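Novice: build the 3D model from these lines:
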Amino acid sequence: MEADALGSVSTFMEPEFDRSLLNPFSLGFARALFAAHPEWQPFAVPWESGFRLEVSPPSAGRERLGIFTSSDEITIRFSQFHTHFGWSDVPDERT
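Specialist: Prediction:
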């Protein structure tokens, strides 16, 4: 979790994190992500019209996994690498 300029910490579940700040894309992805990984919810903070989170690995000294949403895009970052992609909560019949 990260502290803001006043030293307070905002997380996805705290009342001060207003989910209405999330666009529909980010809100849908957040629901799916935290249904699969509820332990990551405390690390999510508002960011632009979406959210961001960084997850530390079990062993100290390793790179963190970063997940960010903005507009209609998800960014996954690990170490010096990152990728962008879309997402839909509507199952694709072809997969």
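
Novice: CA only for contacts and neighbour counts going forward, please
Specialist: Will do.

Novice: going along the chain, name the strands of the chain.
Specialist: Using DSSP state E, the strands found in the chain span residues 45-47, 50-55, 65-70, 73-78, 81-85.

Novice: dump those into TSV; add distance to residue 23 and mean neighbour count as well.
Specialist: Formatted as TSV, those follow (distance: least, Cα to Cα, whole Å; neighbours: other Cα atoms under 10 Å):
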stretch	distance to residue 23	mean neighbour count
strand 45-47	11	18
strand 50-55	6	22
strand 65-70	8	19
strand 73-78	11	17
strand 81-85	16	10
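
Novice: pipe those strands into TSV and attach mean pLDDT and distance to residue 19 per row.
Specialist: Shown next, in TSV, are the strands of the chain (pLDDT from 0 to 100; distance: least, Cα to Cα, whole Å):
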stretch	mean pLDDT	distance to residue 19
strand 45-47	85	9
strand 50-55	90	9
strand 65-70	91	13
strand 73-78	92	17
strand 81-85	89	22
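
Novice: surely residue 72 touches residue 26?
Specialist: Yes: if you go by Cα atoms under 8 Å, residue 72 and residue 26 touch, sitting 7.4 Å apart.

Novice: looking only at neighbour counts, state which of those two leads.
Specialist: residue 26 (24 against 16; other Cα atoms under 10 Å).

Novice: give me the nearest residue to that one, chain neighbours excluded.
Specialist: Excluding its sequence neighbours, the residue lying closest to residue 26 (Cα to Cα, 6 or more residues apart in numbering) is residue 50, at 5.2 Å.
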